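Undergrad: here is my input; please provide its structure:
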Amino acid sequence: MTARFRAVFAQEKPVIGMVHLGALPGAPLYDPSVDLVAAARADLRSLQAAGFDAVMFGNENDRPYEFEVDAASTAMMAYVIGQLRDDITVPFGVNMLWDPMASVAVGAATGAAFVREIFTGTYASDMGVWSPDAGQAMRYRARLGRSDMAMLFNVSAEFAHSLDARPLPDRARSAVFSSIPDAVLVSGQITGEAATLGDLEAVKAALPGTPVMANTGVKHDTVADVLRIADGCIVGSSLKVDGDTWNAVDPDRAADFMARVRAARG
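TA: Sure, this is the predicted structure:
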């Protein structure tokens, strides 16, 4: 395990719960009548009460997604997190879809313990050709004085197809060698859809010394199988009212999920 990952996550096989903010200013779905802070606070409190090991703030509602996030959206994400700092009792992370530089900037500004994004690879995606720059993002982290902030690399991008023909385990192993992530994340095709257990097993077998986490689609009835393979997971949609990504966190679903996690961790 990397030193940063272990410093952030004291629990073996940590589980990160998503706080999906409502659409932010600059996004087509933004609704100024929505109290973004109050909604995020309610989700945060539900996740913490359920016993999640960490939380992550994301802008999943900022559709259509961008490779360079609008400055107003970035500023509002930082503002919302700032308003919630006194409520946060667990390590937290940030993800500004699909912008590594914005994710690092907001993470650094808010005191986040980690960030998640697509940092490596080249993809054909719904947003166009996608070619992030891990070297630029990690150097930016250093310039902002946050070398302690863990970097979680999603190596199987949602809404996209890799233009790199190498098998996923080879791409993951190469990313670890070339770009020194603190963890590697394996995803399904879109938000809320699961990565296959076969993909998780293959990537973990290729990276026995690197944390490998399931990034999407982990459900109540699959979390035990996922944690048998992976070094942790990130979950959002399964915790929502009716299991719908765009709804609020359901406290009962969140509590049931973590009860199953505790049983799986033994």
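Undergrad: burial count for residue 242?
TA: 9 (other CB atoms under 10 Å). Just so you know, the C-beta spots here come from the backbone N, C-alpha and C atoms, and that holds for glycine as well.
Undergrad: same thing with the one 3 residues further on?
TA: Neighbour count of residue 245, defined by other CB under 10 Å: 16.
Undergrad: that one in helix, strand or coil?
TA: coil (DSSP: H, G, I helix; E, B strand; the rest coil).
Undergrad: name the nearest residue to it, ignoring sequence neighbours.
TA: Nearest residue to residue 245 in three dimensions, chain neighbours excluded: residue 237, at 4.3 Å (CB to CB, 6 or more residues apart in numbering).
Undergrad: same check, this time on residue 144
TA: In space, residue 144 comes closest to residue 108 once its chain neighbours are excluded; the distance is 4.0 Å by CB to CB, 6+ apart.
Undergrad: element containing the one you found, please.
TA: helix 100-110 (DSSP states H and E).
Undergrad: helices or strands up against that helix?
TA: helix 71-84, strand 92-95, strand 114-117, helix 134-143 (3 or more CB pairs under 8 Å, 6 or more residues apart in numbering; DSSP states H and E).
Undergrad: what would those look like in TSV with mean pLDDT, distance to residue 52 and mean neighbour count?
TA: Formatted as TSV, these follow (pLDDT from 0 to 100; distance: least, CB to CB, whole Å; neighbours: other CB atoms under 10 Å):
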stretch	mean pLDDT	distance to residue 52	mean neighbour count
helix 71-84	97	15	19
strand 92-95	98	10	26
strand 114-117	98	14	27
helix 134-143	98	25	16
